[in-house]
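A.B. asks: Quick one, fold the following:
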Amino acid sequence: MSQATDKSNNEGTTSDKQLFLAISKGSHQAFRQFFETYKKRIYGFLYNRLRSHKDVEELMQIVFIKIWEHRATINHELSPDAYVFKIVKNCVLDVLRQKAHKLLREKHLIDNINTSEDGEITLIDKDLKRYLDSLVVHIPERRREIFRLRYEKELSYKEIAELLNISENTVDTQIRHALNYLRKQLGKELWAVMFPLITFLSVLKA
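C.D. replies: As a prediction, this is how the structure comes out:
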């Protein structure tokens with residue numbers, strides 16, 4: 001890499017950090033600049049996971065509002081990218097959890113609805129895990145073991161292959177079979193929200 005490229009990258013990083021420092025001090029101008037700098041990347045990240053322009057537009061507003069409302073507590077130890085996309089990721093997970101829980105209740109696939117004193121749904125992950133476990137338990141034992149190593153223990157295909165003394169191709173095949181089974185059981189609507197949770201968050205953990 002050339003020195004000119006290194007210099008450009010360093011200047012970009014410094015500029016972003018200065019931008020966030022200004023936002024943390026309440027600069028509206030810096031916040032507008034931040035919006036213009038990050039809006040396309042955030043939109044793309046959200047759409048790749050939610051596949052709904054309506055949901056993305058709503059979340060975009062939530063993300064930027066959160067960043068502004070919590071500007072005084074911005075974690076400057078994180079890079080601007082890391083800070084922003086941590087907030088974005090958490091917003092995505094909240095939406096997916098709520099959607100999955102709502103669909104499961106509408107389809108009468110879960111009975112209990114845990115609510116807090118202010119009426120908000122709580123313990124969503126436990127409900128989702130309980131339902132997914134009820135499906136995963138019917139996957140053939142060896143395939144289930146491979147599936148859980150991947151999505152509970154978050155092992156790579158290579159790590160699973162070495163642990164079980166099988167090929168990576170076998171790992172890939174078994175995981176694809178397990179996911180195909182879950183997709184059929186969940187149906188199109190539920191799969192659209194549960195699959196990102198399985199792969200992005202892994203509600204199988206807990």
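A.B. asks: can you list the domains in the chain?
C.D. replies: Annotated domains of the chain cover 3-100, 123-201 [automatic domain parsing].
A.B. asks: So for the residue nearest to Asp55 when sequence neighbours are not counted, what's the pLDDT?
C.D. replies: Using C-beta to C-beta, 6 or more residues apart in numbering and skipping residues adjacent in sequence, the residue nearest Asp55 is Val95, 6.3 Å away. (Each C-beta comes from the backbone N, C-alpha and C, glycine too.) Here the pLDDT value assigned to Val95 is 84.
A.B. asks: just checking, next helix/strand downstream of the strand or helix carrying Val95?
C.D. replies: Using DSSP states H and E, Val95 sits in helix 80-106. Later in the chain than helix 80-106, the nearest helix or strand by DSSP H and E is helix 124-136.
A.B. asks: Who are the packing partners of that next one?
C.D. replies: Here helix 124-136 touches helix 80-106, helix 141-151, helix 168-196, going by 3 or more C-beta pairs under 8 Å, 6 or more residues apart in numbering; DSSP states H and E.
A.B. asks: Apply 6 Å and report the result again.
C.D. replies: Helices and strands touching helix 124-136, by 3 or more C-beta pairs under 6 Å, 6 or more residues apart in numbering; DSSP states H and E, are helix 80-106.
A.B. asks: buried sites along the helix it packs on?
C.D. replies: By 16 or more other C-beta atoms under 10 Å, the buried positions in helix 80-106 come out as 80, 83-85, 87-88, 91-93, 95-97, 99-101, 103-104.
A.B. asks: One more: stretch 131-147?
C.D. replies: For stretch 131-147, the neighbour count (16+ other C-beta under 10 Å) marks Tyr131, Leu132, Val136, Ile139, Arg143, Ile146, Phe147 as buried.
A.B. asks: ok, residues contacting it?
C.D. replies: With contacts defined as C-beta atoms under 6 Å, 6 or more residues apart in numbering, stretch 131-147 is touched by Leu104, Leu109, Ile110, Ile160, Val171, Gln174, Ala178, Leu182, Gln185, Leu204.
A.B. asks: Start and end of it, how far apart?
C.D. replies: With C-alpha to C-alpha, to the nearest Å as the measure, stretch 131-147 spans 16 Å from end to end.
A.B. asks: Need the mean per-residue confidence for it.
C.D. replies: 94.
A.B. asks: which of the domains of the chain has the lowest average pLDDT?
C.D. replies: Among these, domain 3-100 scores lowest, at a mean of 83.
A.B. asks: now it, how far from the chain's geometric center?
C.D. replies: Computed by C-alpha atoms, centre = their mean, to the nearest Å, the chain-centroid distance of domain 3-100 equals 15 Å.
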